[in-house]
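Asker: predicted model, plus sequence, below.
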Amino acid sequence: MLDALKKFFKELSIDKEDTNRFSEDDERLAVAALMFHIIAVDGDIEQQELDQLKRVLQQQYELNEEDTKELMQLAKERDEEAVDLYRFTSVLKRKLEPAQRLKVIESLWEMGFADGSVHEFEDNTIWRVAELLGVSSRDRMQLKQQVARRHSGS
């Protein structure tokens, strides 16, 4: 009986370890949650936005299909639980160098342009995230223009 109980608890902890590849302090989860927030902030999540989110996460973090799916689900959950953006930006501010923070803002613009145009709520949210990450207005706008050019060419 005791062995069966030990086995049960061991299996529980193994399952938990396997399903929690992305800790609360993982910058990948913080970025993915912000990216999900961008595609959801206008009140309409389109399939092309989800496809873009998946593509960017896979490319940026070299994730396989299963890990990407898990990260997207966790990002959605964390975004729905969050009361503000600080929960995510504080992780990124601590863990990322300034150049990496620029890449985060670029990724957020990718999400904003995923459905063809940037909604004012998306623009405002990216502005707030950039401010929290210490990214200048100049850099934020240059990144927006770069991403817009890429999307107008595709």
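Answerer: Perfect, I can see it now. Numbering: from 1, shown residues only.
Asker: so the residue nearest the centre of the chain is in which element?
Answerer: By C-alpha atoms, centre = their mean, the chain has its centre lying nearest to A32, at 1.3 Å. Assessed by DSSP states H and E, A32 sits inside helix 27-40.
Asker: after that helix, which helix or strand is next?
Answerer: helix 47-61.
Asker: pull the residues that contact that following helix.
Answerer: Outside helix 47-61, the residues that touch it by C-beta atoms under 8 Å, 6 or more residues apart in numbering are 28, 31-32, 35-36, 39, 63, 68, 71-72, 103, 107, 110-111, 114-115. Every residue, glycine included, has its C-beta placed from N, CA and C.
Asker: so which of those residues is the closest to R138?
Answerer: K103 (16.3 Å; C-beta to C-beta).
Asker: can you get me a residue count around that closest one?
Answerer: 14 (other C-beta atoms under 10 Å).
Asker: could you list the low-confidence segments of this protein?
Answerer: Applying pLDDT under 70 to the chain flags residues 1-20, 154.
Asker: let's see that with 90 instead.
Answerer: Along the chain, segments meeting pLDDT under 90 span 1-25, 42-44, 115-117, 151-154.
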